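Undergrad: sequence? don't have it. structure:
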């Protein structure tokens, strides 16, 4: 089967959606399907000889201003996307609220190709009232119509599924958690010295894009309230934590998966004070290592079976200090998991989160939709 994946960026951009798409493309190819991936040409494409790259010339005017990546294809990009859709048997679109997603869905409908929409997020609770209103309007005018239009919708989070529960769709939506590469994310010896981090004391890791929705302002406040705790930040983005001028904050840059896993094995806790997300992949990867996770309440409810191992905190971008204080209270307590709980977390991750299983399910759905079409 010829399966076209469409995202806003490639995984070199550093976002979770892009990383998910990369894993799925490689597993679809490994399972014998003809996999192609269309995304903005502004990133370095996927490095895999088995996945065909469809690089779309785009502009991206909004990310630097709002932290919201929104690449917009030009005429050449639209032409390439149209051709890629025409060559595919099924189109897999990741998240509705991107121009690339909207165009791919419209092109697929015009060409009578089935569309599988993998919806990752609900609404982003921006600190700005204006941005919150824009987001709500965009969900009403774009996301919900896209959900209704797709031939099959998959939600990667129960929280996101509940958010859109009232939306009528062509077929009952499915819940499908992202996978975890347990060959990379597994328990092991700590490697703090390899990162130049202090060998003793509580070490809190953050992995993600340096953007508002990831809770960077809250993370800054937590680091300021907890000077005795060391914070290791892996990622990049428009927000520059160097400007915080906090000696307990260590910047590691963007790291490959193997180095992220090593950081998790070195840390005492993963902190992800983000909002408006489904089930961030880094949380699942931290669970596979056996790392304690402190995150927003929405993320902690994303997988009901795993919520028992997650410290869900009320996070509010309009209440930075209050959110930071709630997180600091958890960090000042005993964040380490008991050995039995840690082993249960690792075992659950190995059992419940599978990239191969996710890819096989996508292909099976695509084949069924193609036969009906």
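TA: It's in. Model, not experiment: these values are computed from the prediction. Residues are numbered from 1 along each chain as shown.

Undergrad: is it true that residue 23 lies in a helix?
TA: Yes - under DSSP: H, G, I helix; E, B strand; the rest coil, residue 23 sits within a helix.

Undergrad: I'd guessed it sits against residue 356; true?
TA: No - Residue 23 is beyond contact range of residue 356, at 9.6 Å (criterion: C-beta atoms under 8 Å). From N, CA and C alone the C-beta is placed, and that goes for glycine too.

Undergrad: which of those two has more neighbours?
TA: Shown here are residue 23 and residue 356; by other C-beta atoms under 10 Å, residue 23 has more neighbours (21 against 14).

Undergrad: Let me know the distance separating the spatially closest residue to that one that is not a sequence neighbour from residue 248.
TA: Ranked by C-beta to C-beta, 6 or more residues apart in numbering and with sequence neighbours excluded, the top spatial neighbour of residue 23 is residue 355, at 4.7 Å. Separation of residue 355 from residue 248 (C-beta to C-beta, to the nearest Å) stands at 35 Å.

Undergrad: next one: residue 335
TA: To residue 248, residue 335 is 16 Å away according to C-beta to C-beta.

Undergrad: How about residue 298?
TA: The spacing between residue 298 and residue 248, counted by C-beta to C-beta, is 27 Å.

Undergrad: more neighbours, these two?
TA: Per other C-beta under 10 Å, whichever of residue 298 and residue 248 has more neighbours is residue 298, with 24 against 18.

Undergrad: Name the helix or strand for the more buried one, please.
TA: Residue 298 is part of helix 297-300 when elements are defined by DSSP states H and E.

Undergrad: contacting residues around that helix?
TA: Residues outside helix 297-300 that contact it (C-beta atoms under 8 Å, 6 or more residues apart in numbering): 122, 157, 159, 272, 274-280, 283, 307, 310-315.

Undergrad: Counting only helices, which of these make the cut?
TA: 159, 283 (DSSP state H).

Undergrad: And the contacts of helix 297-300, which of them are buried?
TA: By neighbour count, with 16 or more other C-beta atoms under 10 Å, the contacts of helix 297-300 hold 122, 157, 159, 272, 274-280, 283, 310-313, 315 as buried.

Undergrad: circling back to that earlier point, quickly note the distance from the residue nearest to residue 23 to residue 230.
TA: For residue 355 relative to residue 230 (C-beta to C-beta), the value is 32 Å.

Undergrad: Same question for residue 208.
TA: Residue 208 is 18 Å from residue 230, by C-beta to C-beta.

Undergrad: Comparing these two, which shows the higher neighbour count?
TA: Regarding residue 208 and residue 230, a neighbour count based on other C-beta under 10 Å identifies residue 208 as having more, with 25 against 22.

Undergrad: what sits up against the lengthiest helix in the chain?
TA: Counting by DSSP H, the longest helix found in the chain is helix 355-372. By C-beta under 8 Å, 6+ apart, the residues outside helix 355-372 that reach it are 1, 3, 23-24, 27-28, 30-31, 33, 89-90, 92, 114, 116, 151-152, 154, 174, 176-181.

Undergrad: Sort out for me which of these are in helices.
TA: Among the contacts of helix 355-372, the members found in helices (DSSP H) are 23, 24, 27, 28, 30.

Undergrad: can you pick the most crowded of those?
TA: Each of the ones in helices among the contacts of helix 355-372 was scored for neighbours by other C-beta under 10 Å, and residue 28 scores highest at 28 neighbours.

Undergrad: the strands in the stretch 101-250 of the chain, which residues?
TA: Listed in chain order, the strands of the stretch 101-250 of the chain (DSSP state E, counting those that start in this stretch) span residues 115-119, 152-155, 174-175, 203-207, 230-234, 249-253.

Undergrad: nearest to residue 128, of those?
TA: For the strands of the stretch 101-250 of the chain, the distance to residue 128 is smallest for strand 203-207, at 22.3 Å, taking C-beta to C-beta.

Undergrad: Just list what that closest one packs against, helices and strands only.
TA: Applying 3 or more C-beta pairs under 8 Å, 6 or more residues apart in numbering; DSSP states H and E, we find strand 203-207 packed against strand 230-234, helix 257-266, strand 269-272.

Undergrad: Which strands or helices does the second one pack on?
TA: Put plainly, it is helix 257-266. strand 203-207, strand 230-234, helix 281-289.

Undergrad: closest one to residue 59 among those?
TA: For the helices and strands packed on helix 257-266, proximity to residue 59 was assessed by C-beta to C-beta; helix 281-289 is nearest, at 27.1 Å.

Undergrad: Outside of stretch 42-55 itself, which residues are in contact with it?
TA: 4, 9-13, 18, 22, 25-26, 29-30, 34-41, 58, 60, 71, 80-81, 84.

Undergrad: Now with 6 Å, please.
TA: 9-10, 12-13, 22, 25-26, 29, 35-38, 41, 80, 84 (C-beta atoms under 6 Å, 6 or more residues apart in numbering).

Undergrad: List only those of the residues you listed flagged as buried.
TA: Neighbour-count burial (16+ other C-beta under 10 Å) applied to the contacts of stretch 42-55 gives 9-10, 12-13, 22, 25-26, 29, 35-38, 41, 80, 84.

Undergrad: Which ones among those residues lie within strands?
TA: 35, 36, 37, 38 (DSSP state E).

Undergrad: Go through those residues and name the one nearest residue 236.
TA: Set against residue 236, the nearest of those by C-beta to C-beta is residue 37 (21.4 Å).

Undergrad: Check whether that closest one really touches residue 25, as I assumed.
TA: Yes - contact criterion C-beta atoms under 6 Å: residue 37 and residue 25 qualify, at 5.0 Å.

Undergrad: Show me whatever sits in contact with both of these two.
TA: With C-beta under 6 Å, 6+ apart, residue 37 and residue 25 have common neighbours 5, 51.
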